[in-house]
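Q: Return a 3D structure for these sequence lines:
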Amino acid sequence: MIEATSPPEHSLSALYRDHRSWLESWLRRRVGNAWDAADLSQDTFLRVLASSQQIAEMREPRAYLLTVGKRLLSNLYARRNLEQAYLDALAQLPEDSVPSPEQRWLLLETLQALDELLDGLPALVRRAFLWSQLEGLGYREIAERLKVSERTVKRYMAQAYEHCLLVEL
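A: This is a model prediction of the structure:
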């Protein structure tokens, strides 16, 4: 009698069971601790769950997981750099001007959201937008700083506004 082999299990649970420890080990080597690696691994599988990628159609699941994991790792490093820059700026403030821990948390969350919103914009467009919105610079001042024409700054601003509107949709 010939035994029928069961078809391979194509589900998130099978993907998780088969590849979680491998991914977590890879991430642990990159971040240097098990806690961040475990968090990033879980976030990776949550991204897979939320993605339109069909698990059953994955030819190279480890390559896919690695790509998602690398992006999350990059986001982690960017967030830590942003947090450190913020803490460095706070250290320069007079003691009576330092925000409370709650205010600091809200500010960090806002900075992170802004950073994510502007992600994907070219550096000059991003810089022009931030100077306009955060420092209140006019197009002429931005053009001088960037060494471009005012017309180019207008184009950069339009691109930034369009990007923000499309991300929000």
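
Q: Tell me which stretches of this structure form helices.
A: Using DSSP state H, the helices of the chain run over 12-31, 34-50, 61-91, 101-118, 123-134, 139-146, 150-168.

Q: Check the ones you listed for me: which has the lowest mean pLDDT.
A: Lowest mean pLDDT within the helices of the chain: helix 101-118, at a mean of 84.

Q: What separation is there between the spatially most central residue of the chain and residue 103?
A: By Cα atoms, centre = their mean, the chain has its centre lying nearest to residue 75, at 3.9 Å. Per Cβ to Cβ, to the nearest Å, residue 75 is found 24 Å from residue 103. Just so you know, the C-beta spots here come from the backbone N, C-alpha and C atoms, and that holds for glycine as well.

Q: cool, and residue 130?
A: For residue 130, the distance to residue 103 - Cβ to Cβ - is 21 Å.

Q: Between the two, which is the more surrounded one?
A: residue 130 (16 against 10; other Cβ atoms under 10 Å).

Q: which non-adjacent residue is nearest the more buried one?
A: Nearest residue to residue 130, sequence neighbours excluded (Cβ to Cβ, 6 or more residues apart in numbering): residue 118, at 7.6 Å.

Q: tally of neighbours for the one you found?
A: Neighbourhood size, residue 118 [other Cβ under 10 Å]: 17.

Q: what's the answer for residue 73, then?
A: Neighbours of residue 73 (other Cβ under 10 Å): 20.

Q: ok, now the one 10 residues further on?
A: When neighbours are counted by other Cβ under 10 Å, residue 83 registers 14.
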